[in-house]
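Visitor: I need the structure of the sequence given here:
(chains A and B)
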Number of protein chains: 2
Amino acid sequence: MKPLKNRKWSVLSSEYLLQEGEWCTVRRDKVQMPNGVIIPRWYVFEFPTWANILATTKDGKILLISQYRHGLGETHYELCAGLIDPTDASPMEGAKRELEEETGYGGGRWSLYMTLSANPSNHNNLNYTFLAEGVEPITERHPEESEDIDVHLFTKDEVREILSEGGIIQAMHAAPLWRYIAENKE
Amino acid sequence: MKPLKNRKWSVLSSEYLLQEGEWCTVRRDKVQMPNGVIIPRWYVFEFPTWANILATTKDGKILLISQYRHGLGETHYELCAGLIDPTDASPMEGAKRELEEETGYGGGRWSLYMTLSANPSNHNNLNYTFLAEGVEPITERHPEESEDIDVHLFTKDEVREILSEGGIIQAMHAAPLWRYIAENKE
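Guide: You can find the predicted model right below:
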């Protein structure tokens, strides 16, 4: 892959419009492009690092969850996901904690599968997808009070059908799942 | 695909924290879950409909762009993308306009390929990916002043390599490209 030029913008001034914690920190920058054009208002939403988990069981099932999502007002299939806490030793350890909390599954072989952004235009953070192969139920689920989550196990063909029918609309989850389908075709 | 229950939250109160136009409208809702739990602050970022285009040329190349993205401060490969204007007759017409403005390409056979959300937890809008097969250069590029865009043509194998090496981190672009790879393997 040919490396790309990074024609960075200069920040002329910057102010926080909202600082309401990890789900709502909004910054407004006045920026200048290398070609001299000044953009008076560019909005950046600051978030901590996020992670999600493409978890497969020993018998080859893929673990999905479903939960109501208030931004859109709809419920779809998703990967187990969450934000990395400052107390997590690493993004991978945070992802292991999330998987256990939300689904009760753990163990298996873990590796970093993809690094994505919800939208690099206005998000300052990254989302890591971990591939967790061979997970198994290891504990009771203990989701947060605000998490009303159903856990599902599907075969790879069922996940492909769900993806094709638009059952997974969260882009940070659809991307690693389609990659998994592309890389694991018989 | 089995339909999912949609356990909608009730909105107890709602207020706009920021109304700075199409790139920064922030709402804070106080909500109640069906299980009775009250969440005092849930943040929703309101945006218009977005669209991007997975465009292929008559000789099978895939059209990518690259541009600096200030939220993350980095430059990666992307699909041509933009927001749908109120004056666009439809999302597809808006996407055709965006492709022509940013790349000078047009024509071809257009179809809706995927419907995604950057994050349904806190975004109220959808992103449509259109597949545009057999596009060709039809006009001069006329990007907006704030758009400093390079246009690239790659083979499917080259795009797969770029994806595998992490060259496309925008999730709403990586998802349809990985789907295209999965569905168009020799």
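Visitor: okay, now the domains of chain A?
Guide: A:10-46, A:50-183 (automatic domain parsing).
Visitor: so the host helix or strand of A:Val31 versus strand B:25-32, what angle?
Guide: Assessed by DSSP states H and E, A:Val31 sits inside strand A:25-32. If you take axes from the mean of the first three to the mean of the last three Cα atoms, to 10 degrees, strand A:25-32 sits at 170 degrees to strand B:25-32.
Visitor: Using PDB, write out every CA atom in strand A:25-32.
Guide: Extracted in PDB, the C-alpha atoms of strand A:25-32 (Å, rounded to 0.1, in the frame of the first residue of the first chain):
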ATOM      1  CA  THR A  25     -17.500  16.200  24.800                       C
ATOM      2  CA  VAL A  26     -17.700  18.600  21.800                       C
ATOM      3  CA  ARG A  27     -14.900  20.800  20.600                       C
ATOM      4  CA  ARG A  28     -15.100  23.600  18.000                       C
ATOM      5  CA  ASP A  29     -11.900  24.300  16.100                       C
ATOM      6  CA  LYS A  30     -11.100  27.200  13.800                       C
ATOM      7  CA  VAL A  31      -8.700  25.600  11.200                       C
ATOM      8  CA  GLN A  32      -6.600  26.600   8.300                       C
END
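Visitor: now the helices for chain A?
Guide: A:91-103, A:156-164, A:171-183 (DSSP state H).
Visitor: shaky segments in chain A?
Guide: Within chain A, the set of residues satisfying pLDDT under 70 comprises A:186.
Visitor: Backbone dihedrals for the residue of it most remote from its centre, please?
Guide: Distance from the C-alpha centroid of chain A peaks at A:Gly36, with 34.9 Å (Cα atoms, centre = their mean). The phi/psi pair for A:Gly36 (degrees, to the nearest 10) reads phi 100, psi -20.
Visitor: what's the nearest residue to A:Tyr125 if we skip its chain neighbours?
Guide: Rather than Tyr, residue A:125 is Asn. Leaving aside its sequence neighbours, A:Asn125 sits nearest to A:Phe47 (Cβ to Cβ, 6 or more residues apart in numbering or on different chains; 4.3 Å). For every residue, glycine as well, the C-beta is placed using N, CA and C.
Visitor: likewise A:Ala182?
Guide: Excluding its sequence neighbours, the residue lying closest to A:Ala182 (Cβ to Cβ, 6+ apart) is B:Ala182, at 3.8 Å.
Visitor: give me every residue that touches that neighbour.
Guide: Taking Cβ atoms under 8 Å, 6 or more residues apart in numbering or on different chains, we find B:Ala182 in contact with A:Arg160, A:Trp178, A:Ile181, A:Ala182, A:Lys185.
Visitor: Mind doing that once more with 10 Å?
Guide: Counting by Cβ atoms under 10 Å, 6 or more residues apart in numbering or on different chains, B:Ala182 touches A:Arg160, A:Leu163, A:Ser164, A:Leu177, A:Trp178, A:Arg179, A:Tyr180, A:Ile181, A:Ala182, A:Glu183, A:Asn184, A:Lys185.
Visitor: now swap in A:Glu100 and tell me
Guide: A:Glu100 touches A:Cys80, A:Gly106, A:Gly107, A:Val135, A:Pro137, A:Ile138, A:Thr139, A:Glu140, A:Arg141, A:His142, counting by Cβ under 10 Å, 6+ apart.
Visitor: Could you check how far the last one is from B:Ile38?
Guide: Put plainly, it is A:His142. Plainly put, A:His142 is 20 Å away from B:Ile38 if you go by Cβ to Cβ, to the nearest Å.
Visitor: Same drill for those two, tell me which one is more crowded.
Guide: Using other Cβ atoms under 10 Å in any protein chain shown, the more surrounded residue of A:His142 and B:Ile38 is B:Ile38, with 13 against 10.
Visitor: Could you find the closest non-adjacent residue to the more buried one?
Guide: Distance criterion Cβ to Cβ, 6+ apart; nearest residue to B:Ile38, sequence neighbours excluded, is B:Gln32 at 5.1 Å.
Visitor: coming back round to it: can you list the strands that the strand holding A:Val31 pairs with?
Guide: Applying DSSP bridges to the sheet, strand A:25-32 is found paired with strand A:10-19 (antiparallel), strand A:38-46 (antiparallel).
Visitor: chain center to it: distance?
Guide: On the basis of Cα atoms, centre = their mean, to the nearest Å, strand A:25-32 sits 24 Å off its chain's mean C-alpha point.
Visitor: which parts of that strand are buried?
Guide: When burial is assessed from 16 or more other Cβ atoms under 10 Å in any protein chain shown, strand A:25-32 yields the following buried residues: A:Thr25, A:Val26, A:Arg27, A:Arg28, A:Asp29, A:Val31.
Visitor: Could you export those as TSV, including distance to B:Thr129?
Guide: Shown next, in TSV, are these (distance: Cβ to Cβ, whole Å):
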residue	distance to B:Thr129
A:Thr25	29
A:Val26	27
A:Arg27	29
A:Arg28	29
A:Asp29	28
A:Val31	28
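Visitor: count of residues packed around A:Ile39?
Guide: So A:Ile39, with other Cβ under 10 Å, has 15 neighbours.
Visitor: how much space between the residue nearest to A:Asn125 and A:Leu126?
Guide: Per Cβ to Cβ, A:Phe47 is found 9 Å from A:Leu126.
Visitor: Mutual contacts of these two, please.
Guide: With Cβ under 10 Å, 6+ apart as the test, A:Phe47 and A:Leu126 both reach A:Ala118.
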